[in-house]
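Participant: Please work out how this folds:
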Amino acid sequence: PVDHQMTKIFLAILLAVAACNAAHVLMERVPSCVRARTCADHDWHMGTRATGTDSLTLTFAVKNANMDKLNAFLATSATADRWMTRDEVRDLTLNVEGGKAVRLWMQEAGFVNIEQVRSNFLAGSLPVAAAERLFRTQFFQFRSQVAGRSIARALAYSVPAEIASLIDFVDGTVQFPQTTLAPPIFNEVSSDAVAVNQTTLALIDSTYAISNNVVASTLATQSLFESLGQSYAPTDLTTFEKNYGIPTQDCVTVIGPNTPSACSSNANNCVEADLDVEYIIAVAQKSPTTYWSIKNSVLSDIFLDWATAVAETENPPYVHSISYGGVETASGTTVSRCDEEITKMNAMGLTVMVSSGDDGVAGSGARKSETGCGFNPTYPGELPHIVSVGATMGPEYKSAEIACTSNQGGLITTGGGFSTVFTAPDWQANFTSYFIKHGTNMPPANKYNGAGRGYPDVSMLGHNYMVVVGGKTMEVSGTSASSPVFAGVVTLANAQRLAAGKKTLGWLTPDLYAIATAHPEVFNDITSGENNCAAQGGLKTICCSYGFTATKSWDPVTGLGSVNYSKILPLLLAL
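Facilitator: Got it, this is the predicted structure:
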């Protein structure tokens, strides 16, 4: 139910902001799910007013400079001899004058301990009472049971017009850290169970025509995003490799927290991370792999925090996979900024894969109740500068590859839909518009943003993966498997290019659509399945009234389809 007291306070704050002089600009409001207490990706609930004397740390996202030039470089990068270096990207996009103006304003406003925490991000502290006057708002204590802590946040805020034109947002005002993870669906496999209907590396290789899993060059590096308390156990990786005939590899570098002992106490602590590590390493063997774990992030948005950190790292891994996600509409203005930071990564020759979600068009809020139904695009799986990866099933049953859906026994439903923030890019627009005109069983047009960037881009197997967690074998299903598998495929292709003296693939997404236009035969077109259901989440699987239906060519269920590696590799080498 909607918190009526919070609604009254929210309206009062908006009226106060409106009454302010025109020199102030209303920047953001909290997402509506905060007031309704229905946010699918966090459990922050409002309490009493924040104490006026408490110190509050806020971070100003100064606008990036020269993004037009960076995008122009990407548009012509095919003819460039090399990618940009970290320093070149940083120097091009550093907003020197904007940063100086914001810092000066912060100093005059009474901020202390001002520092640049990331490129174009300035943090500083001041008392809550001073922040309330400065931003024409009120701060409240919000408590998360999952995180076990409280934070101060507002319901809306405004800034002076001269500052509004220099920043994208002020972090620490209306942004809420993600606290909950919609995990992949898994079950323990009995030790005496017959090995049938299971997805292993052998099945992946045969389905996608991968003849050699060893990278042609160890310069082809890869990385996994991890967060929300997940850990992986090196002993689980070793057992997995032994069980499935994969060469033992000691090539994982850990950045951030990791607690391997947590895996044996509760599989939920590690199933996501173990799945990621075991399968990206299985597909792209001998590739130096980084386990990039985020905790106590500088910014509220863990994905933005990660992207800014990678973009500021000298010689970061070339391929990245993210098996996590939230809700686009609940993430506010950080969504667009995150895409800009990933654009910087693209300019450095990096490729980012992201799971498209496990709950169809609705998102994880529909796992427990029909009230969560609707069209709720995922984030960051809908960003234009990533490759969004959906899930398929079928080959594990020795049958045709179809969309992975919970109402057909897939346990999860591949996520897909259209962004409400980003319009369809030029390189995708022909595909999305064709689907809108010719798709079957289409939902009412007013239910979704048909002009938006469509996702996923591609799909891979996502059902019944054999994963070792805490020493036990689990059957795991989710786009959490599809993303690291496709990332491993990209690493294999990168390795071939590097061995031939070529640069890495970088921003691969437009190239996939160009290849699909000229050589559709390299994709396994998936034409069966509908994504109106959520993942299995209780006594029954919830299927919503509307979803999208897989059809010929691109669709917001499985994208362009899965890939035939032996066919697409020559085209990727020719780029």
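Participant: When you work out contacts or count neighbours from here on, use the C-alpha atoms and nothing else.
Facilitator: Fine.
Participant: Would you mind stating the distance between the one residue sitting closest to the centre of the chain and residue 524?
Facilitator: In the chain, the centroid-proximal residue (C-alpha atoms, centre = their mean) is residue 380; its distance is 3.3 Å. Here residue 380 is placed at a distance of 25 Å from residue 524 (C-alpha to C-alpha, to the nearest Å).
Participant: one step back: may I have the phi/psi pair for the closest residue to the residue nearest to the centre of the chain other than its chain neighbours?
Facilitator: Excluding the flanking residues, the one nearest residue 380 by C-alpha to C-alpha, 6 or more residues apart in numbering is residue 325, at 6.1 Å. With angles defined as degrees, to the nearest 10, residue 325 sits at phi -170, psi 160.
Participant: Endpoints of stretch 374-386, how far apart?
Facilitator: With C-alpha to C-alpha as the measure, the ends of stretch 374-386 fall 24 Å from one another.
Participant: quick one: secondary structure of residue 158?
Facilitator: Assigned with DSSP: H, G, I helix; E, B strand; the rest coil, residue 158 falls in the strand class.
Participant: what does residue 247 give?
Facilitator: Per three-state DSSP, residue 247 ends up coil.
Participant: Same check on residue 123?
Facilitator: Assignment for residue 123 (three-state DSSP): strand.
Participant: coming back round to it: what sits against the residue nearest to the centre of the chain?
Facilitator: Contacts for residue 380 (C-alpha atoms under 8 Å, 6 or more residues apart in numbering) come out as 303, 325, 326, 328, 335, 354.
Participant: Now do the second one, the pLDDT please.
Facilitator: Translated: residue 325. Predicted confidence (pLDDT) at residue 325: the value is 95.
Participant: count of residues packed around it?
Facilitator: Residue 325 has 26 neighbours, counted by other C-alpha atoms under 10 Å.
Participant: May I ask you to confirm that residue 166 is in contact with residue 105?
Facilitator: No: counting by C-alpha atoms under 8 Å, residue 105 is not a contact partner of residue 166; they are 11.2 Å apart.
Participant: More neighbours: which of the two?
Facilitator: residue 166 (19 against 15).
Participant: Compute the distance between that one and residue 126, please.
Facilitator: With the distance defined as C-alpha to C-alpha, residue 166 ends up 20 Å from residue 126.
Participant: just residue 329 next, same as before
Facilitator: 29 Å.
Participant: do the same with residue 454
Facilitator: Separation of residue 454 from residue 126 (C-alpha to C-alpha) stands at 42 Å.
Participant: If you count surrounding residues, which of those two has more?
Facilitator: Remark: of residue 454 and residue 126, residue 454 carries more neighbours, 32 against 19, as counted by other C-alpha under 10 Å.
Participant: For that one, which residues are in contact?
Facilitator: By C-alpha under 8 Å, 6+ apart, the neighbours of residue 454 are 382, 416, 417, 418, 419, 424, 428, 432, 556.
Participant: Tell me the one among these nearest to residue 313.
Facilitator: residue 382 (24.3 Å; C-alpha to C-alpha).
Participant: Pull the contacting residues for that closest one.
Facilitator: 356, 388, 418, 419, 453, 454, 455, 456.
Participant: Make a PyMOL selection of the buried ones in the residues you listed.
Facilitator: Buried residues within the contacts of residue 382, by 16 or more other C-alpha atoms under 10 Å, are selected in PyMOL with:
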select buried, resi 356+388+418+419+453+454+455+456
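Participant: Narrow the contacts of residue 454 to those in helices?
Facilitator: The helices, defined by DSSP state H, take in 428, 432 from the contacts of residue 454.
Participant: Show me which of the contacts of residue 454 is closest to residue 532.
Facilitator: residue 416 (9.7 Å).
Participant: so how far is residue 560 from the closest one?
Facilitator: 12 Å.
Participant: the more surrounded of the two?
Facilitator: The neighbour comparison of residue 416 against residue 560 (other C-alpha under 10 Å) goes to residue 416, with 37 against 28.
Participant: wait, the more buried one sits on residue 357?
Facilitator: Yes: if you go by C-alpha under 8 Å, residue 416 and residue 357 touch, sitting 7.5 Å apart.
Participant: Need the residues touching each of those two.
Facilitator: residue 390.
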